[in-house]
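> Build me a model from this:
(one chain, ligands or ions: 1)
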Amino acid sequence: MDISEIKHLICDRTAKFLARGTHPLLIDGQWVQSESGQTIDVINPANEEVIGKVASAGKVEVDKAVAAARQAFDHGPWSKMRGAERERLLMKLADLLEANAQSFAEVESLDNGKSAAMAQAVDVAVAVDTLRYMAGWATKIEGATTDISVPFAPQAEFVTFTRREAVGVVAAVVAWNFPLLLAVWKLAPALAAGCTVVLKPAEQTPLTAIMLGELILEAGFPPGVVNIIVGDGPSAGAPLVSHPGVDKVSFTGSTEVGKLIGKAAVENMTRFTLELGGKSPVIVLDDCDPATAAAGAAQAIFFNHGQVCCAGSRLYVQKKMFDRVVADVAQIAQSMSLGHGLDPTSQMGPLVSREQMDRVCNYIDIGLSQGANVVTGGARSGEKGYYVQPTVLTNVNADMRVVQEEIFGPVLTCMPYDDIEEVAAWANNTHFGLGASIWSNNLSKVHRLIPKIKAGTVWVNCHSMLNPAMPFGGYKQSGIGRDLGKASLDSYLETKSVYIAV
Ligand code: NAD
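A predicted model of the protein is given here:
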């Protein structure tokens, strides 16, 4: 890529970062190239140009990174650091990230295709907040004292308590849709708990993880505490998650790969958390203002171009309002301007890769072949860049693949319903259970519906709201365990029970 073409759109830090040669891997506090010399091309999905190369890790680098993380956990300065010192380092990292927010947002945009403005307002800002929120937990790790009764030793006395201890070396493997944010969702609680980490970002979007590695060293984290290796699933992800030196795997990605990872982890009894796919319903009740519901539904599916695990990809509207709400959503979709993420007037950017664009277009074709109608969109947009038109489908039913399977793009299916019982059944009628939103001001109907929905998060009159203090994760095949909140910290801690006979 010729940086001079976009130099007027990016800050100096971004230009300098992109101008480097092959981006290296971070192992044991050192920036290193891979032993094989293999690299991965990083492609700007807006124009299909290569914007850089990254060293591609294989088993050799996985072994070195795990060994460095093990050494740092067992014997390095990290093993002796108090919670308050870990808190200070995480706070420092948050400050550094905040100070460089613009550059991180620009690189995320060039790497992933998303809007730089949105990346700064959402991805980077929430990553900063997550680091600060989790930093606070580093000084609040506590067990409990319990008085016990021992029937076979009535005279004996015991002091009994539990300790929470860091689980050890964490393998963090994440997806490409929120590259920086997902990395921080894993790193922040793991480091607060006292673990060490080997992070593997998605091979499609490795750049902000590398930038974060630079800030981690600048903040003063000791060598080996965070190691960052880039590589694809088979060559780097699989050897990492099945490595006997890893104590916990924290994964965000597809349900398909999540199942493979869970099986590999169980082989070594490695602990695991799986944040997986979704097919989240948006349920509009009959008391709702149609324009408000339509705006909410459009935002729920088109935010981040539909590449959101909890995207509201199935719209259910009460029969009497169905035509009006669908027409309004279609009108919003038609009016969206597609363009590259550094252009502040773009409302939707390209999908992350050619593979993802083809996958989404293929799903639209499958929908049409099974009888769906296209209200708007329905195809690729343009011939350069991986753009897909925001698409609204009607005449769908619960058996169709576009209703059952995760498309992970800007494609919305719309169905009318009669009553709450019917819509609750349809909402739950996939093997996913990540999120759901209800649009209504009728409190009693809303409260009757919330417990019926089998999903890790239910939003009312909003969608995809996430906060570091609120646990996030899936029911059913959307995952096991939770990111964010105290629940996330707990998943990086073991519980040790101590009995002292006194
Ligand atoms: P993916 O499962 O293909 O890849 C995710 C990560 O796993 C990548 O880093 C990849 O290199 C790695 N990987 C692939 N095969 C592997 C293997 N055999 N062993 C170890 N690692 C392997 O997912 P994707 O296409 O990158 O991301 C999209 C998916 O992520 C969607 O299903 C989406 O819903 C999900 N997601 C879930 C959440 C959540 O919090 N629940 C958040 C974001 C994305």
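
> Can you tell me the SS state at Cys309?
Reducing the assignment to helix, strand or coil with DSSP: H, G, I helix; E, B strand; the rest coil, the entry for Cys309 is coil.

> And for it, the neighbour number?
28 (other C-beta atoms under 10 Å). Any C-beta I mention is one placed from the backbone N, CA and C, and that applies to glycine too.

> what about the closest residue in space to it that isn't next to it in sequence, distance to the ligand?
The shortest distance from Cys309 to any non-neighbouring residue, by C-beta to C-beta, 6 or more residues apart in numbering, is to Gly278 (4.9 Å). Counting by C-beta to the nearest ligand atom, to the nearest Å, the gap between Gly278 and the ligand amounts to 5 Å.

> My read is that Gly278 contacts Lys454, right?
No - Gly278 is beyond contact range of Lys454, at 11.9 Å (criterion: C-beta atoms under 8 Å).

> how close does the residue lying farthest from the centre of the chain sit to the ligand?
Summary for the chain: using C-alpha atoms, centre = their mean, the residue whose C-alpha lies farthest from the chain's mean C-alpha position is Gln155, with a distance of 53.8 Å. Plainly put, Gln155 is 53 Å away from the ligand if you go by C-beta to the nearest ligand atom.

> who does whatever helix or strand Glu87 lives in touch, helix- and strand-wise?
Mapping Glu87 onto the secondary structure by DSSP states H and E places it in helix 83-99. Under the contact definition 3 or more C-beta pairs under 8 Å, 6 or more residues apart in numbering; DSSP states H and E, helix 83-99 sits against helix 125-137, helix 179-193, helix 207-219.

> I'd like those as a markdown table, with distance to the ligand appended.
A markdown table is the format used below for those (distance: least, C-beta to the nearest ligand atom, whole Å):
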| stretch | distance to the ligand |
| --- | --- |
| helix 125-137 | 13 |
| helix 179-193 | 6 |
| helix 207-219 | 10 |
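
> Most tightly packed of those helices?
Mean neighbour count (mean count of other C-beta atoms under 10 Å) peaks for helix 179-193 among the helices and strands packed on helix 83-99, with a mean of 28.

> hang on, the earlier thing: give me the neighbour count for the residue nearest to Cys309.
29.

> just the one 3 residues further on next, same as before
Other residues near Pro281 number 27, with proximity taken as other C-beta under 10 Å.

> Tell me which strands the helix or strand hosting it pairs with, and in which orientation.
According to DSSP H and E, Pro281 maps onto strand 280-284. Strand 280-284 sits in its sheet next to strand 312-318 (parallel), strand 435-439 (parallel), going by DSSP bridges.

> Tell me the spacing between the residue nearest the centre of the chain and Ala311.
Per C-alpha atoms, centre = their mean, the C-alpha nearest to the average position across the chain is that of Leu182, at 4.2 Å. According to C-beta to C-beta, to the nearest Å, Leu182 and Ala311 sit 15 Å apart.

> just to revisit the earlier point, compare the strands paired with strand 280-284 and give me the one nearest Ile141.
With respect to Ile141, and counting by C-beta to C-beta, the nearest of the strands paired with strand 280-284 is strand 435-439 at 29.1 Å.
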